[in-house]
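Visitor: Model the following, please.
(chains A and B)
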Amino acid sequence: DAEITQSPRHKITETGRQVTLACHQTWNHNNMFWYRQDLGHGLRLIHYSYGVHDTNKGEVSDGYSVSRSNTEDLPLTLESAASSQTSVYFCASRAGGPSSYNEQFFGPGTRLTVL
Amino acid sequence: KNQVEQSPQSLIILEGKNCTLQCNYTVSPFSNLRWYKQDTGRGPVSLTIMTFSENTKSNRRYTATLDADTKQSSLHITASQLSDSASYICVVSGLSGGSYIPTFGRGTSLIVHP
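Guide: Prediction:
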């Protein structure tokens, strides 16, 4: 069955280190998204992509970067991890074009702790 | 700034009872509204979607309503089950620059007791 996976599921790192979170989907969806979820906030959009080599900044993009070299993967990189980036990170994918409002399918999440 | 406000923040009910969750939004221009269910430790899963012209949508024991004039939505859960214990998130998408950008509410945490 098609699915969306994230790895690792849990990660502890130190301030200043570079961290990459992986997201892989097998639906062949054009659209992929990264969110963070914190207590007291709804999910907030970090970066998104509408296709290979396309990336866009979301609401809380500072300190994060993404690249899209194929349809299946959208890795999220924290260039220099900060304690404020301790959060649960969700990846999602969606079929259709940028103007589609098809359902987003979410991965299981990655819990990141920055010490 | 686009905003989605949900109430109550948390709710405890007994198994078999009904409940209603509220969502108010200020997203403009409005495109669609979704309700998601998020079980603890998992990603959200879509329950319903409504566009501007729809005012009610049902999915099994979940019924969502939308009043686009007052910018309010509700999610009614009928005959609650223990498995309904979860966070319910209202997501409103607005059209911006040719694409749909979602704004997420903080969610309502529902606990169903036996």
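
Visitor: Could you pull up the mean pLDDT of stretch A:57-64?
Guide: In this model, stretch A:57-64 carries a mean pLDDT of 94.

Visitor: no, scratch that, I was asking about stretch B:2-13
Guide: Averaging pLDDT along stretch B:2-13 yields 95.

Visitor: For chain A, tell me whether it is touching it.
Guide: Yes: using CB under 8 Å from any CB of the partner chain, stretch B:2-13 reaches chain A at residue B:4. Backbone N, C-alpha and C define where each C-beta goes, glycine included.

Visitor: That stretch spans what distance, first to last residue?
Guide: End-to-end span of stretch B:2-13 (CA to CA, to the nearest Å): 31 Å.

Visitor: Nearest residue to residue B:45 in space, please, no chain neighbours.
Guide: residue B:37 (5.4 Å; CB to CB, 6 or more residues apart in numbering or on different chains).

Visitor: Based on its surroundings, how many neighbours for that neighbour?
Guide: A count of nearby residues for residue B:37, using other CB atoms under 10 Å in any protein chain shown, gives 20.

Visitor: Assumed it was part of a helix.
Guide: No: counting by DSSP: H, G, I helix; E, B strand; the rest coil, residue B:37 is not part of a helix but strand.

Visitor: In this structure it contacts residue B:59, no?
Guide: No: distance between residue B:37 and residue B:59: 10.0 Å, which falls outside the contact criterion (CB atoms under 8 Å).

Visitor: Quick check: neighbours shared by these two?
Guide: Listed contacts common to residue B:37 and residue B:59 are residue B:47; contacts here mean CB atoms under 8 Å, 6 or more residues apart in numbering or on different chains.

Visitor: Not counting sequence-adjacent ones, nearest residue to the residue nearest the centre of chain A?
Guide: Nearest residue to the geometric centre of chain A (CA atoms, centre = their mean): residue A:34, 2.7 Å. Spatially, and ignoring its direct neighbours in sequence, residue A:34 is nearest to residue A:46 (4.4 Å; CB to CB, 6+ apart).

Visitor: helix/strand/coil for that neighbour?
Guide: Using three-state DSSP, the structure places residue A:46 in strand.

Visitor: does it really touch residue A:76, like I thought?
Guide: Yes: with contacts counted by CB under 8 Å, residue A:46 reaches residue A:76, the gap being 6.8 Å.
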